[in-house]
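Visitor: Only the shape, not the letters, is given here:
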């Protein structure tokens, strides 16, 4: 199974008065073309599509582009999974977010934690989605993952685990960037490192891929940060925008 992961599109972002939509929309075209050319099975979006607190016209244009992107890949037979980021949630007491139109159009959006186990020709692949959640849909990532680990102790063993998260805190040693300094929004949610280690032990996975959105600087370590699709602020001159493709 081949997977393409990206995050932090911020299609409504404006840098110094310059709208970035055209550049970011072009980046999405490159993702689609690459996914089709490389015969990707799934695309995972790791949160932060657009901010509902900015200009309505920019937000509506970004949402329309999301639906178009999702439908275009669906037409190619490629599944897209979406999770909400801290810039997607709407604190209206009803669990609203900027990705709702995708779900209404038939897309697969996770605004609450979820998991799915797939049986492939190469074995079991389990996806775990840990979105950022607003106050009205608040959940504890550690508790969710630990409960999942407990359910696996008597279940299937082996295969691969893919965790797709949008957390605003990784670990104390991770340096924060413009996503925290220039573009703060919402409360902190911590990546559940210890709970995922318990899940890995309980499931006996042979391969583990951990992905996290929110952070704009790409980094490949124990937790893979695909980074943003463009240099969004003047503090991101050294960033290398892009996406990640991997096979499990």
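Guide: Thanks, I have the structure now. This one's a predicted model, so the numbers in the text were calculated from it and none came from an experiment.
Visitor: ok, the spatially most central residue of the chain - contacts?
Guide: Most central residue of the chain, judged by C-alpha distance to the mean C-alpha position with C-alpha atoms, centre = their mean, is residue 46 at 0.8 Å. Residue 46 is in contact with 5-8, 83, 85, 164-166, 211-214, 226, counting by C-beta atoms under 8 Å, 6 or more residues apart in numbering. Placement of C-beta: from N, CA and C, glycine included.
Visitor: least trustworthy helix or strand in this structure by mean pLDDT?
Guide: Scoring the helices and strands of the chain by mean pLDDT, DSSP states H and E places helix 178-181 at the bottom, with a mean of 80.
Visitor: Can you show me the strands along this protein?
Guide: Ranges of strands within the chain are 2-6, 14-15, 18-19, 42-45, 79-83, 108-110, 114-120, 123-130, 160-165, 207-212, 223-224, 244-247, based on DSSP state E.
Visitor: Make TSV out of these and add mean neighbour count and distance to residue 53.
Guide: Below are the strands of the chain laid out as TSV (neighbours: other C-beta atoms under 10 Å; distance: least, C-beta to C-beta, whole Å):
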stretch	mean neighbour count	distance to residue 53
strand 2-6	21	23
strand 14-15	14	13
strand 18-19	12	16
strand 42-45	25	20
strand 79-83	23	19
strand 108-110	21	20
strand 114-120	14	26
strand 123-130	22	23
strand 160-165	24	23
strand 207-212	20	23
strand 223-224	19	28
strand 244-247	16	29
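Visitor: ranges for the helices of the protein?
Guide: Along the chain, counting by DSSP state H, helices occupy 21-37, 56-75, 100-104, 141-152, 178-181, 193-203.
Visitor: now the fourth one and helix 193-203, what's the angle there?
Guide: To tie it back to what came earlier, the one meant is helix 141-152. Here the directions of helix 141-152 and helix 193-203 differ by 10 degrees (axes from the mean of the first three to the mean of the last three C-alpha atoms, to 10 degrees).
Visitor: ok, back up a step: adding distance to residue 99 and mean pLDDT as columns, could you present the strands of the chain in TSV?
Guide: Compiled in TSV, those are given as follows (distance: least, C-beta to C-beta, whole Å; pLDDT from 0 to 100):
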stretch	distance to residue 99	mean pLDDT
strand 2-6	14	97
strand 14-15	21	94
strand 18-19	21	94
strand 42-45	9	98
strand 79-83	5	98
strand 108-110	5	98
strand 114-120	14	92
strand 123-130	12	94
strand 160-165	14	97
strand 207-212	17	97
strand 223-224	22	96
strand 244-247	21	96
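Visitor: Any idea which of those strands gets closest to residue 230?
Guide: Of all the strands of the chain, it is strand 14-15 that lies closest to residue 230, at 8.9 Å by C-beta to C-beta.
Visitor: partner strands of that closest one, parallel or antiparallel?
Guide: Strand pairing for strand 14-15, determined by DSSP bridges: strand 18-19 (antiparallel).
Visitor: contacting residues for the residue lying closest to residue 91 once chain neighbours are set aside?
Guide: In this structure, residue 91 finds its nearest non-sequential neighbour in residue 134, 5.1 Å apart by C-beta to C-beta, 6 or more residues apart in numbering. By C-beta under 8 Å, 6+ apart, the residues touching residue 134 are 89, 90, 91, 95, 97, 186.
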